[in-house]
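Enquirer: Let's see this in three dimensions:
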Amino acid sequence: MSRHSIILLLASVVGLLALGITMLASTTFEVAHEGGEDYVTLWRQLIWLGLGVLACAIMALLDFNRLMRWRWHLLIGAALLLALCYVPGVGVKINGSRRWIGMAGALRIQPSEFAKIVLIIALAAWFATHEGCERTFRKGFLLPGLILTGVVGLIGCEFDLGNAVLASVIGGGIMFLAGTKLRYLGVIVLLFGGALAAGIKYLPNRFERVIVIFDLEKHKEGLGLQQWVSKLAFGSGGIEGRGLGEGRMKLSYLPEAHTDFIFPMIGEELGLRGTAATVLAFGVLVMSGFIVAAYAPNRFGKLLGGGLTFLLGMEALLNMGVTTALLPNKGLPLPFVSYGGSSLLAAMTAIGILINIHRQGVHLRREDLPVIRRKHRWTPQL
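Expert: Presented below is the predicted three-dimensional model:
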């Protein structure tokens with residue numbers, strides 16, 4: 001199973017990429033004033049996909065153990081990129097959040113997408129370097145907790161609570177896998193829970209997003225519009241779906257239909273079968289990723305592979321939770337499917353690292369396993 005896990009992983013990724021390109025072509029189709037067809041967004045995503053495939057190939061060939069030696073350089077670089085979001089003229093503010101950097105007319109990059117991967121590398125390297133100290137207060141909780149707090153704090157100050165929560169969950173998950181005591185992790189949960197509650201309370205827009213999910217119909221003309229129309233899209237698609245390209249909610253009814261809310265478009269056009277296939281693909285991806293991590297050659301590879309798989313799975317789970325109105329609107333994309341260059345590039349980088357971990361993994365063959373002989377009950381012969 002360990003040898004074939006990478007095949008299942010790549011098959012799920014290719015399927016999700018194909019679905020994403022197909023749905024992006026459907027949701028971004030526009031009839032221009034002269035009667036032409038405009039696929040500018042699709043071409044941009046294809047360019048990002050090309051860069052993502054290149055990044056995936058590089059990381060698949062690069063020894064992942066080098067990332068352990070580069071962890072501090074990567075962490076400092078990620079912090080600097082996050083800090084650039086606050087620099088006037090470089091940081092780009094959209095919808096009240098400073099999540100992007102980019103010059104005028106140039107492609108924008110979201111540093112938090114790459115900071116989450118760097119956080120996983122840093123924490124995995126920390127616990128691999130200090131193996132045996134993971135249950136101590138100083139090296140098993142305090143110092144790695146400071147690394148986690150620093151990255152989450154920089155992301156949260158951009159008013160990007162969605163990625164801040166995701167980064168804290170991923171960091172806590174790695175600490176749990178490494179063996180940090182549960183009572184220490186409980187302290188982290190309380191601290192970040194308090195910080196999240198304060199952010200929701202003192203940022204009215206975020207507080208209203210939490211209230212909205214309890215009564216979408218009441219807020220369907222305001223902050224609940226996206227999730228209200230999203231539920232209508234799922235309902236109108238039914239089991240069979242309206243057919244590829246026949247969705248109605250994308251026609252100016254559902255904002256961001258090609259980015260954060262592309263999952264409802266799958267439900268409307270491809271129906272329950274399409275959404276179930278999407279969920280299944282992510283399930284196979286997560287299962288395969290954890291198998292790759294389990295057969296990694298060292299502790300760093302196990303924690304790194306597990307953290308990257310957990311990241312991709314949690315991003316998909318949170319996006320689906322938001323689009324089905326089970327969670328407040330967070331603005332998180334669906335990996336490999338939603339439009340977004342930074343998200344796609346970061347996800348393909350994570351897949352490249354998982355491929356490299358698999359290439360160096362310890363895989364047992366059938367002949368290497370001990371043979372268990374069946375015991376036959378002896379019966380006396382007369």
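
Enquirer: Would you confirm that residue 239 belongs to a helix?
Expert: No: Residue 239 sits outside any helix when classified using DSSP: H, G, I helix; E, B strand; the rest coil, being coil.

Enquirer: Would you mind giving both backbone torsions of it?
Expert: When quoted as degrees, to the nearest 10, the phi and psi of residue 239 stand at phi -90, psi -40.

Enquirer: What distance do you get for it to residue 274?
Expert: Per CB to CB, to the nearest Å, residue 239 is found 10 Å from residue 274. Any C-beta I mention is one placed from the backbone N, CA and C, and that applies to glycine too.

Enquirer: I figured residue 24 was touching residue 46, is that so?
Expert: No: the pair residue 24 / residue 46 is not scored as a contact, 9.2 Å apart, by CB atoms under 8 Å.

Enquirer: picking that back up, what about residue 239 and residue 274, which has more around it?
Expert: A count of neighbours by other CB atoms under 10 Å puts residue 274 above the other of residue 239 and residue 274, at 22 against 9.

Enquirer: Read off the pLDDT value for the closest residue to that one other than its chain neighbours.
Expert: Of all residues not flanking residue 274 in the chain, residue 266 sits nearest, at 4.8 Å (CB to CB, 6 or more residues apart in numbering). For residue 266, the pLDDT comes out at 92.

Enquirer: Please list all residues in contact with residue 266.
Expert: Contacts for residue 266 (CB atoms under 8 Å, 6 or more residues apart in numbering) come out as 19, 23, 274-275, 278, 337.

Enquirer: which of the residues you listed tops the neighbour count?
Expert: Among the contacts of residue 266, residue 337 has the most neighbours (other CB under 10 Å), with 30 neighbours.

Enquirer: how close does that residue get to residue 238?
Expert: Counting by CB to CB, the gap from residue 337 to residue 238 is 21 Å.

Enquirer: repeat for residue 123
Expert: Distance from residue 123 to residue 238, counting by CB to CB: 44 Å.

Enquirer: what does residue 73 give?
Expert: According to CB to CB, residue 73 stands 52 Å off from residue 238.

Enquirer: residues in contact with the closest residue to residue 281 other than its chain neighbours?
Expert: Nearest residue to residue 281, sequence neighbours excluded (CB to CB, 6+ apart): residue 12, at 4.5 Å. The contact partners of residue 12, taken as CB under 8 Å, 6+ apart, are 281-282, 284-285, 288.

Enquirer: now residue 12: how far from residue 110?
Expert: 24 Å.

Enquirer: One more: residue 238?
Expert: 35 Å.

Enquirer: likewise residue 80?
Expert: Taken as CB to CB, the span from residue 80 to residue 110 is 15 Å.

Enquirer: Wasn't residue 14 part of a strand?
Expert: No: Residue 14 is assigned helix when assessed by three-state DSSP, not a strand.

Enquirer: Could you count how many residues lie near it?
Expert: Neighbourhood size, residue 14 [other CB under 10 Å]: 12.

Enquirer: hang on, isn't residue 315 packed against residue 332?
Expert: Yes: counting by CB under 8 Å, residue 315 does reach residue 332; the two are 6.1 Å apart.

Enquirer: where along this protein do the helices fall?
Expert: Per DSSP state H, the chain carries helices over the ranges 5-27, 40-61, 65-69, 71-84, 111-129, 137, 143-156, 161-178, 182-202, 204-212, 225-237, 262-294, 299-323, 341-359.

Enquirer: so which of these gets nearest residue 254?
Expert: helix 225-237 (4.5 Å; CB to CB).

Enquirer: now the angle from that closest one to helix 299-323?
Expert: 80 degrees (axes from the mean of the first three to the mean of the last three CA atoms, to 10 degrees).

Enquirer: What is helix 225-237 packed up against?
Expert: Counting contacts by 3 or more CB pairs under 8 Å, 6 or more residues apart in numbering; DSSP states H and E, helix 225-237 is packed against helix 262-294, helix 299-323.

Enquirer: buried sites along that helix?
Expert: Across helix 225-237, burial judged by 16 or more other CB atoms under 10 Å covers 225-234, 236-237.

Enquirer: For residue 256, give me its contacts.
Expert: residue 226.

Enquirer: got TSV for the contacts of residue 266, with pLDDT and distance to residue 178 too?
Expert: Compiled in TSV, those are given as follows (pLDDT from 0 to 100; distance: CB to CB, whole Å):
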residue	pLDDT	distance to residue 178
19	94	34
23	89	38
274	93	38
275	94	35
278	96	31
337	93	31
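
Enquirer: Nearest to residue 356 among these?
Expert: Nearest to residue 356 among these: residue 337, at 23.9 Å, using CB to CB.
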